[in-house]
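In: model the following, please.
(one chain, ligands or ions: 1)
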Amino acid sequence: MASCAASGSPAALSYRLLRWRPSPICRFSATFSPPFSSAALDRSRRISLSAVCPSPLRSNRIPLPSPPAMASDETLAAKEKMGLLVFDTEEELSVSLAKYAVELSEKFIRERGAFTVVLSGGSLIKFLKELTESPYSETLNWAKWYIFWVDERVVSKDHEDSNYKLAFDVFLSKVPIPPGQVCAINDALSAQGAAEDYETTLKHLVNIGVVVKSATGYPRFDLMLLGMGPDGHIASLFPSHPLVNVTDKWVAFIKDSPKPPPERITFTLPVINSSAYVAMVVAGAGKASVVSKALGNEKTTNVLPVEMVSLEDGELTWFTDKAAVSMLRDKLSL
Ligand SMILES: O=C1O[C@H](COP(=O)(O)O)[C@@H](O)[C@H](O)[C@H]1O
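Out: Below is the predicted model:
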C-alpha cells in the first residue's frame, strides 16, 4: 500500500461524516491594464476584493489575451478562469505562493476539516521553502494537511531522483504534517504495481471523505502545485505521448519517459483537471518559449500537455517570473 496510513486513523474516519459542498470559486472579475509588473503589484496595485475571496486568491491577476477566434468554447471558458501572476524575483514568487497556500489551507480546513495538497517534483519544490519558515511554520494547521504527488519516479524513496525525497528534504521534514497523511508511493513495486496501488489508496481516501470526489467521478484535490518542463510536460504527461489521452484511470504508469528516469507513475489529465485550485509554478528563461505558446493567443496544432490543463470547475493561476514571461511580454505588449 502507498505509505500514507490515513486510511486507518480516527481523524480520517471522522471525515466520513462531512459533506462536500462546492464553495464559490473565485473568479477574476476586476480588470486593470498592466504596466507589466510583478511583486510591486502585490503591494501597490492590489485590487479591491469581495468578501468571499481573500486577497491572494484573486488579486493582481493579469487577464490573459483573448483566445483566437477559432477557439472552442472549452478553450474560452478555460482562459476565462485562468490568471497570471508575474514576479520580479523567485523570492517574491515564493512569498506570494505561500500566502496563496495559506489562504486555501484556511478556507478548506474551515469548510471541511482537511486540506489535500498535491505536489510535483522538480523546480516547484524550492518555492515551498517560504512555507517552512516563520510565521507559516508555526501558524498553519499542518495537522489537517494531506500530501500527494502528481507524479513520482519509480525509484526508492532515498534515491536522488525521487520526488518524495526532494519534497522531504526541502519541505516535509521541516513542517509537522503527520507522516500518516503523506501519501508516497510504495517504492517496492513495479511501475504498474505502484500506479495501481496509488489509485487504490486514493479510492479509499475518497470513500472515507478525506479526498473529495468530483462531479465527473475523479478525485478533486483542494490544491495542486504543478511545475512545467521546458518541453511543456506537466506531471509525467509528455508531449505526444499516448498517456495524455488516458481517461479510464486516475493513476497511470510510464516506462519510456523521455526525461529520465524512464519509469514513473502519474495522475492522468482528468484528475488534474478536476482540481479545485491549481498553481502552475514556472520560472526561468528556459521556459519562456513554452509559456509564450501556452498563454499567447496563437492557434497551433501541436497542443502541449500544459495547454491541456483546463479545469472542470476550478481556478488555475500561473505563478511566474519575468524571465519566464519574457517572450509573452512582447506578444501582449505588457
Ligand atoms: O520530471 C519532472 O519534471 C517536471 C518539471 O520539472 P522542472 O524541474 O522543469 O520544474 C515536474 O513538474 C515533475 O513533477 C517531474 O517529475
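
In: what residues sit buried inside stretch 146-163?
Out: Counting neighbours by 16 or more other CB atoms under 10 Å, one finds that the buried residues in stretch 146-163 are 146, 147, 148, 149, 150, 151, 152, 153, 154, 155, 162, 163. In short, each C-beta sits where N, CA and C put it, glycine included.

In: mind checking which of those residues are in helices?
Out: Using DSSP state H, the subset of the buried residues of stretch 146-163 located in helices is residue 163.

In: direction included, what does the host helix or strand of residue 278 pair up with?
Out: Under the criterion of DSSP states H and E, residue 278 resides in strand 277-282. Neighbouring strands of strand 277-282 in its sheet, by DSSP bridges, are strand 223-226 (parallel), strand 315-321 (parallel).

In: nearest spatial neighbour of the residue of the chain found nearest the ligand, chain-adjacent residues omitted?
Out: Going by CB to the nearest ligand atom, the ligand is nearest to residue 122 of the chain, at 2.4 Å. Take residue 122 and drop its neighbours on the chain: the residue closest to it by CB to CB, 6 or more residues apart in numbering is residue 227, 4.6 Å away.

In: what's the neighbour count on the one you found?
Out: Residue 227 has 24 neighbouring residues, counting by other CB atoms under 10 Å.

In: can you tell me which residues contact it?
Out: Contact analysis of residue 227 by CB atoms under 8 Å, 6 or more residues apart in numbering lists 120, 121, 122, 123, 124, 234, 280, 281, 282.

In: adding neighbour count and distance to residue 167, write the residues you listed out as JSON lines.
Out: Below are these laid out as JSON lines (neighbours: other CB atoms under 10 Å; distance: CB to CB, whole Å):
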{"residue": "120", "neighbour count": "25", "distance to residue 167": "9"}
{"residue": "121", "neighbour count": "22", "distance to residue 167": "7"}
{"residue": "122", "neighbour count": "16", "distance to residue 167": "10"}
{"residue": "123", "neighbour count": "18", "distance to residue 167": "12"}
{"residue": "124", "neighbour count": "25", "distance to residue 167": "9"}
{"residue": "234", "neighbour count": "28", "distance to residue 167": "17"}
{"residue": "280", "neighbour count": "24", "distance to residue 167": "18"}
{"residue": "281", "neighbour count": "28", "distance to residue 167": "14"}
{"residue": "282", "neighbour count": "29", "distance to residue 167": "18"}
